[in-house]
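Novice: coords please:
(2 chains)
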Amino acid sequence: TQLLEQSPQFLSIQEGENLTVYCNSSSVFSSLQWYRQEPGEGPVLLVTVVTGGEVKKLKRLTFQFGDARKDSSLHITAAQPGDTGLYLCAAARGSARQLTFGSGTQLTVLP
Amino acid sequence: GAGVSQSPSNKVTEKGKDVELRCDPISGHTALYWYRQSLGQGLEFLIYFQGNSAPDKSGLPSDRFSAERTGGSVSTLTIQRTQQEDSAVYLCASSIFAGSYNEQFFGPGTRLTVL
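Specialist: Numbering: from 1, shown residues only, chains lettered A, B, ... in the order given. Below is the predicted model:
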């Protein structure tokens, strides 16, 4: 059983559309991170959220950490082909020094 | 550049052979992590090193897997008697120190194919 469940697993949309990706768990996390990975490269950190209910914005990307710190969402407004990639959430529990990664959402934005 | 580098980028080997994968972390980063990623999937934690502390080996899938970090810098992941299920991309990451808030900087990975 995956500690972190991401949905949807695959998402293909047209340029200009909005989308939301979800990361859910039954566990409480001390922090949660979102990464984006492009083919042939390692993941790159987008954001870290640490406070329940926290909302962070990065240009057209909005990240939210659930009030109970068990879930998170990533919303992209007016998606562009450059947003295409594998989006991964990763979380740590308590004082754990290692991250647990979700299975990822493969996003394709068509021009 | 001064990012994390990994070698080789691709490795094809025969079942039963041993392989060594290398990671050069960012200079000054005391924490180093190894992950395994199957095609289009999330990352599976394998092992991490923090300074001179004993490594956390809790993610290693079997005793065929081992890793060392020499001089607090370069790390080598060794897989003995490779099996077909070992085929995956092996990613290395480093951070200033181990902690959940710290950004992990990833290398491009080594794609391992076991025939």
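
Novice: Count the neighbours of the residue nearest to A:Ala91 when sequence neighbours are not counted for me.
Specialist: Nearest residue to A:Ala91 in three dimensions, chain neighbours excluded: A:Phe29, at 4.0 Å (C-beta to C-beta, 6 or more residues apart in numbering or on different chains). Using the backbone N, CA and C atoms, a C-beta is placed for each residue, glycine as well. Neighbours of A:Phe29 under the rule other C-beta atoms under 10 Å in any protein chain shown: 30.

Novice: same deal with the one 3 residues further on?
Specialist: Residues lying near A:Leu32 (other C-beta under 10 Å) number 27.

Novice: Dead centre of chain B: give me the residue that sits there.
Specialist: B:Trp34 (3.1 Å; C-alpha atoms, centre = their mean).

Novice: Checking my notes, the residue nearest to A:Ala91 in a strand, right?
Specialist: No - counting by DSSP: H, G, I helix; E, B strand; the rest coil, A:Phe29 falls outside a strand, being coil.

Novice: Does chain B have contacts with stretch A:38-46?
Specialist: Yes - against chain B, stretch A:38-46 shows contacts by C-beta under 8 Å from any C-beta of the partner chain at A:40-45.

Novice: mind listing what A:Leu3 touches?
Specialist: A:25, A:27, A:91, A:100 (C-beta atoms under 8 Å, 6 or more residues apart in numbering or on different chains).

Novice: Those, buried ones only, as a PyMOL selection?
Specialist: Listed next is the PyMOL selection for buried residues among the contacts of A:Leu3, using 16 or more other C-beta atoms under 10 Å in any protein chain shown:
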select buried, chain A and resi 25+91+100
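
Novice: Which of the contacts of A:Leu3 fall in strands?
Specialist: A:91, A:100 (DSSP state E).

Novice: Around chain A, which positions in chain B sit nearby?
Specialist: Contact residues (C-beta under 8 Å from any C-beta) of chain B with chain A: B:4, B:31, B:33, B:35, B:40-45, B:48, B:50, B:56, B:58-59, B:91, B:93, B:98-101, B:103-109.
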